[in-house]
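Undergrad: Build the 3D model from these lines:
(chains A and B)
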Amino acid sequence: MFDLDRWQEILATIRQNKLRAFLTGFSVAWGILMLVVLMGSGEGLANGIQHQFRDDAVNSIWVRSGQTSIPHKGLQPGRTVRFTNEDHEVVARDIDGVEYITSRFYPRGELAVSYKGETGSYDIRSVHPDHQYLENTLVSKGRFLNDLDIAEYRKVAAIGERVKDGLFGDAPAVGEYININGIPFRVIGLFRDEGGESEEEKIYLPISTAQKAFAGGNRIRMFMLTTGEEELAKTEAMTEEIKQTLAQRHNYSPDDRRAVFINNLNEFFQRFVNLMAGIRIFVWIIGIGTILAGVVGVSNIMMIVVKERTKEIGVRKALGATPGSILGLVLQESVLITAVAGYVGLVLGVALLEAGGRVLPESEFFINPGIDLPLALAATALLVVAGTLAGTVPALRAARVQPVEALKDE
Amino acid sequence: MLRLEKVNKSYTVGQNRLHVLKGIDLEIDGGEMVSIMGPSGSGKSTLLNVLGILDRYDDGEYHLADTLIKGLSETRAAYYRNQLLGFVFQSFNLIPFKTALENVALPLYYQKVSRRKRNRIAMEYLDKVNLVDWAGHLPGELSGGQQQRVAIARSLITRPKVILADEPTGALDSQTSLEVIEILRAVNREGTTVVLVTHEHDISEMTDRVIHLLDGVIGHEQTNGGGPKPAVAGDGPEARAGGGD
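TA: The predicted structure is shown next:
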């Protein structure tokens, strides 16, 4: 392999027919280029989809109340379904597989929020402590709500970084009291959110406190829960169970699709995961197909080369070339052409992806196209294997050349 | 040096079996210069191929330099060809994209001699055939006579025991032919056995012994006493007209 003479022999033969070597290499380079661009784009698409799910836990089920739309047990349609704390407790207690669960109650009307003369209008959500796991809330200072806050109806608030910036500026916020509709709440923590800046303009209050302070009674607007590591089928069963439970409790038909809206994000996410897997397989099939076409091309050309060089091979054998050395010569040439051409294709493909990532307009669905190092290495290994495969048949044919036949003068 | 005992060789052509060598007995001593003559189809090229381990034979025995050459693997055959034999062909068979020097050095490449060393030796052999000035030229830039001299240098570089030449002058005009034979003669004088196939009488007359092959058997042998005859250019004006490289 590291025989300098051998390499010089190979380079000499390649130099003999530059155009042919170039065309051969081109088909391989093109194959790799396509594979890299396709895989990189697939990656960009996958990143885009991941981005869509960045805000909420992908293993969650969201339950919102609505209005009945079909008559049930003599009751007219059009009744509003109202969830209560009891619904939350029943679901938390009776449904198997619930990991985290939280309810949400939105105080009615616009609530003014102020601190020492600074006022602002912010989205206020009153929730259970588990909420932070559903919305990917990242506590940056202090703490989030806890069970004691709920149990003791504490007037505390976790505020987003943007709320803090708006009300406090550079001054410390944790431990200070903000005023919500005339009621003071102590700031217990700050948070960031994967979901972006709008998610950091929120204020979270303990649901029990908010229900009391803002005349909520025991009503809740919605609740959501995560399903841990449960399988998709299990989460679908859970969704069905929740539907049945709520239908019974609120006296509506389980077939009523407008009474309660249940979104199982597991399903959505699984759908996208499947889609991405499909795209990946598709990309590989096309890429491998293209490379295969290139390999067949190389094999074909090497075949012609061997045929054209039959006489030369015969001479070499007469001079003492062993079949092994002829085999190695052809194989090595094949590997060299594929490897070099493939590498060029790889580099061009990566460059193209980089350029594309810069030139293409920002898109929520196409983020950071590119391929990672292991994949690039795998592609390179694939090339060497492909080159060997491409060279095998022609090389064997070359090794079998009979000097007598080759040296016959036509 | 070369000893054939009842060597048979036949080819299958389509459905027919073609018996080419019919029990050849032949002995060529070391240091001899022998020519093989015969009409086309008499089996002389096949005989030379068997002698050159380029082709197999069916039965009998062939000893080359006291080694039985029979049923060798390709690799082993390549080894003996490289070590014991040198080939000179009618159509020279130089590798077109290699310079004269590289062509001469090629057999040493298969002996794994380093590039520098084999190029140095190749230059010595080019000197023997008076082509040092052409070392960097490709075969296509050389005349037929020059190409054949390069080929002879190539056949000599491994210091083989036997040089096998298949119609070495077949593609050359008579003046150049004489030069080439002179070189082979000189090689022979240094102790190398030379076997050549030819159909030209004035070439065969310059060898020690002529073996006439007819229809796959050795017809008669003739010994040319006392080395080469003086080079007679009895072929008229064309010999002179075509001369020179």
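
Undergrad: any idea how far A:E308 lies from chain B?
TA: From A:E308 across to chain B, the span is 11 Å (Cβ to the nearest Cβ, to the nearest Å). For every residue, glycine as well, the C-beta is placed using N, CA and C.

Undergrad: per-residue pLDDT, that residue?
TA: The model reports A:E308 with a pLDDT of 86.

Undergrad: Then A:T209?
TA: A:T209 is given a pLDDT of 91.

Undergrad: Check the one 3 residues further on too.
TA: Taken from the predicted model, the pLDDT recorded for A:K212 is 88.

Undergrad: what's the helix or strand for it?
TA: helix A:207-213 (DSSP states H and E).

Undergrad: Once you drop chain neighbours, what's closest to whichever residue of the stretch 201-350 of chain A sits closest to chain B?
TA: Nearest residue of the stretch 201-350 of chain A to chain B (Cβ to the nearest Cβ) works out as A:G320 at 2.5 Å. Residue nearest to A:G320 in three dimensions, not counting chain neighbours: B:N82, with 2.5 Å by Cβ to Cβ, 6 or more residues apart in numbering or on different chains.

Undergrad: helix/strand/coil for the one you found?
TA: Taken by DSSP: H, G, I helix; E, B strand; the rest coil, the conformation at B:N82 corresponds to helix.

Undergrad: Return the distance of it relative to A:E231.
TA: 69 Å (Cβ to Cβ, to the nearest Å).

Undergrad: who has more neighbours, these two?
TA: B:N82 (21 against 12; other Cβ atoms under 10 Å in any protein chain shown).

Undergrad: The next helix or strand after the helix holding A:K212 packs against which elements?
TA: Sequence-wise, the next helix or strand downstream of helix A:207-213 (DSSP H and E) is strand A:219-220. Judged by 3 or more Cβ pairs under 8 Å, 6 or more residues apart in numbering or on different chains; DSSP states H and E, strand A:219-220 is in contact with strand A:83-84, helix A:85-94, strand A:101-105.

Undergrad: So which residues make contact with strand A:219-220?
TA: A:82-85, A:87-88, A:103-105, A:207, A:211 (Cβ atoms under 8 Å, 6 or more residues apart in numbering or on different chains).

Undergrad: between those, which is nearest chain B?
TA: Closest approach to chain B among those (Cβ to the nearest Cβ): A:R104, at 80.5 Å.

Undergrad: which residues does the closest one bridge with?
TA: Counting by DSSP bridges, A:R104 forms beta bridges with A:V127, A:M222.

Undergrad: Could you double-check that it lies in contact with A:D130?
TA: No: A:R104 is beyond contact range of A:D130, at 11.2 Å (criterion: Cβ atoms under 8 Å).

Undergrad: where does chain B have low pLDDT?
TA: Chain B contains residues with pLDDT under 70 at B:225-245.

Undergrad: who's in contact with the closest residue to chain A within chain B?
TA: With Cβ to the nearest Cβ as the measure, B:N82 is the residue of chain B nearest to chain A, at 2.5 Å. Going by Cβ under 8 Å, 6+ apart, B:N82 touches A:319-320, B:107, B:110-111, B:158.
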